[in-house]
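Novice: Below is the sequence, then the predicted model.
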Amino acid sequence: LDTKFESYYQAASDAGLTIGVYFFSQALSENEAKEQAAWVNDNLISKEITLPVAFDYEYSSNILLSDGTSANSRLKSANLSKDMHTKIARTFCAEISSYGYVPIIYCTSDFLVNDIDGTSLSKQYGIWLARYNTSVFSTEDSKKTRYNGPVTMWQCTKSAVIDGVDGKCDLDFYYQPKTK
């Protein structure tokens, strides 16, 4: 758990923001994905989560874990099949959904095409696409990326400058259906 989770959550809540969370996973099995979803749920009890709970499933780049070990290449070195990656993502999302949260899968375009069946998963769950090479996203733009399925959220940069936030941060768009 991020050491600043409680303070970030409280500040966002106090500011009246809608709140979602993501879980960075290096799960290597469906059982591990279930355990991770249960852990997320345990940490969200008593929290008002109004945006999706994201399953951030991608190869890591020297991520330091809470136990002091590095997750660098754990998922990559496991050499799991595309089918197994897809089953793991589906398992986490189903389990999170069983706790009453709306799941979403966060991946890069390449991961959604090469390492997981993004098209299949997008029929059941939202996709949060990390793609930093443009300032506008549209269906037409999807033809320029490897993944061309539906997108629920789009992370367009990790270098946004936002008033009230120290340093650079991610900037995301959440697409919702039009209401009358």
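Specialist: Arrived safely. Numbering: from 1, shown residues only.

Novice: after the helix or strand harbouring Leu75 comes which helix or strand?
Specialist: Secondary structure here is read from DSSP states H and E; on that basis Leu75 sits in helix 74-78. The C-terminal neighbour of helix 74-78 among helices and strands, as given by DSSP H and E, is helix 82-98.

Novice: List the residues that contact Ser122.
Specialist: 149-150 (Cβ atoms under 8 Å, 6 or more residues apart in numbering). C-betas here are computed from N, CA, C, even on glycine.

Novice: tell me the phi and psi of it?
Specialist: Comment: the main-chain dihedrals of Ser122 come out as phi -70, psi -20, following degrees, to the nearest 10.

Novice: For Asp172, see how far away it is.
Specialist: Ser122 sits at a distance of 17 Å from Asp172 (criterion: Cβ to Cβ, to the nearest Å).

Novice: Pretty sure Leu28 sits against Leu75.
Specialist: Yes - counting by Cβ atoms under 8 Å, Leu75 is a contact partner of Leu28 at 7.0 Å.

Novice: Give me the more crowded residue out of these two.
Specialist: Leu75 (20 against 16; other Cβ atoms under 10 Å).

Novice: Next, the contact list for that one, please.
Specialist: With Cβ under 8 Å, 6+ apart as the criterion, the residues that contact Leu75 are 26-28, 57-60.

Novice: Tell me which of these fall in strands.
Specialist: Judged by DSSP state E, strands contain the following of those: Tyr57.

Novice: Among the contacts of Leu75, list the two that are farthest apart in space.
Specialist: Largest separation among the contacts of Leu75 by Cβ to Cβ: Leu28 and Glu58, giving 13.9 Å.
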